[in-house]
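> 3D, please:
(2 chains)
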Amino acid sequence: MDYFLNLVASGLIFGAIYGLIAIGFAVIYKTTGVVNFAQGEVMMFVLYFAWMVGAWVDAPLWQLLLIAVVVGMIFGALLERLFIRPMIGQSQFAIIMTTVGVAIILRGLVPLFWGVESEPLDSPIKSALFEFGPVLMLGDQIFALAFFIAISLAVWVFFRFSRIGVAMRAAAHDETAALLMGINVRRLQGLSWMIASAVSGVAGVCYALTVSRAADMWQIGFQAFPATILGGLDAPLGSAFGSIVVGVTASLSEGYIGYGLKEISGFVIIIAVLMLRPYGLFGEKELERV
Amino acid sequence: MRTGHAVETYPRLLALTTNPVTWAWVAVLLIGLVALPWVVSGHLLVVSTSILIAAVGVVGLNVLTGTTGLISLGQSGFLAIGGYACGLLIKEVGLPAEAAIPLAGLITGTLSLLIGIPSLRLKGLYLAITTLAASLIITHIILYAEPLTGGPFGLRIPDVSFVGLRISDPVGMYFTALIVAVLVALFVNNLMRARSGRAWIALRDHDIAAKSMGINLVSYKLLAFFVSSSIVGLSGALMAMQLRFITSDVFGLFLSIEALAMLLVGGVGSVAGAILGAAFIVLLPEIARNLLEVFGWSGDGSSTHVFEIRAVLTGVIIIVMLRIEPDGLIGLWRKVKRYWLQWPLPI
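Residues are numbered from 1 along each chain as shown, chains lettered A, B, ... in the order given. Modelled structure (predicted):
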């Protein structure tokens, strides 16, 4: 039982980090209909850049987080303006391949500037130790989990209650009608990229804190994929839930069945789930009219 | 001056090409390809072989993604099945390469139905992610099925000969790839003009309309999966023979994305475009290297970074190509041709 609980706890932590990236996927998909294949790479780039800035000013953890959010927002806006907006009107396939191109570029740029060695992010928070019955958790793990919950809630509140969030949902639902109602759809799409990049910046900080930073951390982006799909690509909160499921399943399957299952268990789940619900657990079913 | 393209009879509509000049150009191209080993050698010949192998794979992917409109990110998984099937058939069963290569294709095609059947319910991105999941699971199984595949220690393919061509010899490997590539191009071009190709295009453009015209969606989607993956399996078999040593790492996710990039850069939906795209993307690192040398960035001085710079250039060129020519290289070619034919009239 203790073993089980500890596995669940470690699954929750990884699920939380996948979840932060999955929210990024879902926010962009919901407003623009584009799957950003560069989400993991954006996370890596924002983290490295924020880390560099943070090292200049010798920032503690909370400042580093702020820097990551600001860098993420600027970077997201730049990406959207430079690469995605000029592609409007072309096939979805072409836009997705553009994000793949961005991913390849970022993957090359990070080792070019900052090298390939992995480096842990040090913070006094890491030495804190929490005991929940038989489960031991470190301060940085609690930190990642807390941020995941906070951001999931914030995203939910944002889409549910804020004026901009409602406008985003309207734009996602029917772009033409939203335009006619006076919503600046292009600006909202830019904003969704900013939000997604900022959230993935936070994800990057959490990952660097709980594990370390390395030039191949973009691969977590692929781990977050099944989480997003499981919850439904257009459901940010569903994606967050999906990532917890994926994280815990990954941890349990590795602990009980065998080594190496961690990477693929999420994909096994989504194949099973998509057979029953082709639009994910919480995704909206697309109606087709002829 | 050719002013239009009017087809008056059904046989002409179904012909591979209505223009006899095309046959002459194809003959010239074939002679050029056969003569290539006498013109170039060493590294360039190996690169040419890689282009042919990649072209076979992309022509296969084009059947599924370009013609039938089912976006697949599972290319690397199918390549892995083909490569391992071919390697195991040669090494463990002792089949000659002439039998092992086509059998590897058929095995890949048959296994792909396992992925194709559940994918019938899915569309667009959800299908892409499912095929991605399938390819990850395939490479995982290969990695952990150690008694059969050698697992992390890889699989070494013995030196065999294909219709008298030794695969350890670069020239022999080049001709092996060339024979397969030409046969595949001819086969797919023939499929495209026949009932199946037309059915695929119809169900890509509007599946409900296609269904009401009497096209069986289930069987034609599965047929597309089977044909496409069989061809990709051939490409995987050739990859295994060229490398002579494969592990599951060889068939990483990047291969799937690269194949889609090739398809997109070349031009979605056409066999010629797929081949052009494969040639372009395989040559890209070579072009990038030469460019870097022109700017005095020789390979040895800062060799640690050349790999990254090449990756960045590849990404930039993919984006630039998508931005300036969405129809791909084949679209560019058609534009040039039309300009040439219509001159001095504007297009």
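
> what number of residues lie near residue B:119?
For residue B:119, the neighbour count with other Cβ atoms under 10 Å in any protein chain shown is 27. C-beta here means a position set from N, CA and C on the backbone, and glycine is covered the same way.

> and it, what is it in contact with?
Residues near residue B:119 by Cβ atoms under 8 Å, 6 or more residues apart in numbering or on different chains: B:70, B:127, B:130, B:131, B:225.

> could I get those as CSV with secondary structure and distance to residue A:234?
Shown next, in CSV, are the contacts of residue B:119 (DSSP: H, G, I helix; E, B strand; the rest coil; distance: Cβ to Cβ, whole Å):
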residue, secondary structure, distance to residue A:234
B:70, coil, 21
B:127, helix, 16
B:130, helix, 17
B:131, helix, 20
B:225, helix, 27
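
> of those residues, closest to chain A?
The closest of the contacts of residue B:119 to chain A turns out to be residue B:130 (Cβ to the nearest Cβ; 5.9 Å).

> make sure the closest one is actually in contact with residue B:118.
Yes. Counting by Cβ atoms under 8 Å, residue B:130 touches residue B:118, with 7.2 Å between them.

> comparing the two, which residue is more hemmed in?
Set residue B:130 next to residue B:118 and count neighbours by other Cβ under 10 Å: residue B:130 wins out with 25 against 15.

> so how far is residue B:261 from that one?
Applying Cβ to Cβ, to the nearest Å, the value for residue B:130 to residue B:261 is 20 Å.

> surely residue A:35 is within a helix?
No. Going by DSSP: H, G, I helix; E, B strand; the rest coil, the assignment for residue A:35 is coil, not a helix.

> next up, the contacts around it.
Applying Cβ under 8 Å, 6+ apart to residue A:35 gives the contacts A:25, A:28, A:29, A:96, A:99, A:233, B:125.

> keep only those of the residues you listed that are in helices.
Secondary structure from DSSP state H places A:25, A:28, A:29, A:96, A:99, B:125 of the contacts of residue A:35 in helices.

> before we move on, what SS does residue A:136 have?
Strictly by three-state DSSP, residue A:136 counts as strand.

> go ahead and confirm it touches residue A:130.
Yes. Assessed by Cβ under 8 Å, residue A:136 is found in contact with residue A:130 at 7.4 Å.

> can you give me the strands in the chain?
This is for chain A. With DSSP state E, the ranges of strands along chain A come out as A:129-132, A:135-138.

> um, chain B though
Listed in chain order, the strands of chain B (DSSP E) span B:155-156, B:161-162, B:165-166, B:245-246.

> how about the ones you listed, which one is nearest residue A:205?
strand B:245-246 (38.6 Å; Cβ to Cβ).

> and the closest one, what does it pack against?
Here strand B:245-246 touches helix B:75-88, strand B:155-156, going by 3 or more Cβ pairs under 8 Å, 6 or more residues apart in numbering or on different chains; DSSP states H and E.

> can you redo those as TSV with mean pLDDT and mean neighbour count?
Shown next, in TSV, are the helices and strands packed on strand B:245-246 (pLDDT from 0 to 100; neighbours: other Cβ atoms under 10 Å in any protein chain shown):
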stretch	mean pLDDT	mean neighbour count
helix B:75-88	95	30
strand B:155-156	91	18
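
> select, out of the ones you listed, the one closest to residue B:281.
Residue B:281 lies closest, by Cβ to Cβ, to one member of those: helix B:75-88, at 13.0 Å.

> so what does the closest one touch, helix or strand wise?
Right, helix B:75-88 is packed against helix B:43-61, helix B:97-119, helix B:124-144, helix B:146-149, strand B:155-156, helix B:217-243, strand B:245-246, helix B:253-266 by 3+ Cβ pairs under 8 Å, 6+ apart.

> reformat these as a markdown table; add distance to residue B:202.
Formatted as a markdown table, the helices and strands packed on helix B:75-88 follow (distance: least, Cβ to Cβ, whole Å):
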| stretch | distance to residue B:202 |
| --- | --- |
| helix B:43-61 | 20 |
| helix B:97-119 | 19 |
| helix B:124-144 | 18 |
| helix B:146-149 | 40 |
| strand B:155-156 | 41 |
| helix B:217-243 | 9 |
| strand B:245-246 | 38 |
| helix B:253-266 | 20 |
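
> alongside chain A, which residues does the stretch 151-300 of chain B contribute?
B:208, B:209, B:253, B:257, B:260, B:261, B:264, B:268 (Cβ under 8 Å from any Cβ of the partner chain).

> which among those residues end up buried?
Neighbour-count burial (16 or more other Cβ atoms under 10 Å in any protein chain shown) applied to these gives B:253, B:257, B:260, B:261, B:264, B:268.

> for the closest residue to residue A:2 other than its chain neighbours, what are its contacts?
Of all residues not flanking residue A:2 in the chain, residue A:134 sits nearest, at 4.0 Å (Cβ to Cβ, 6 or more residues apart in numbering or on different chains). Residue A:134 sits next to A:1, A:2, A:5, A:6 when contact means Cβ under 8 Å, 6+ apart.
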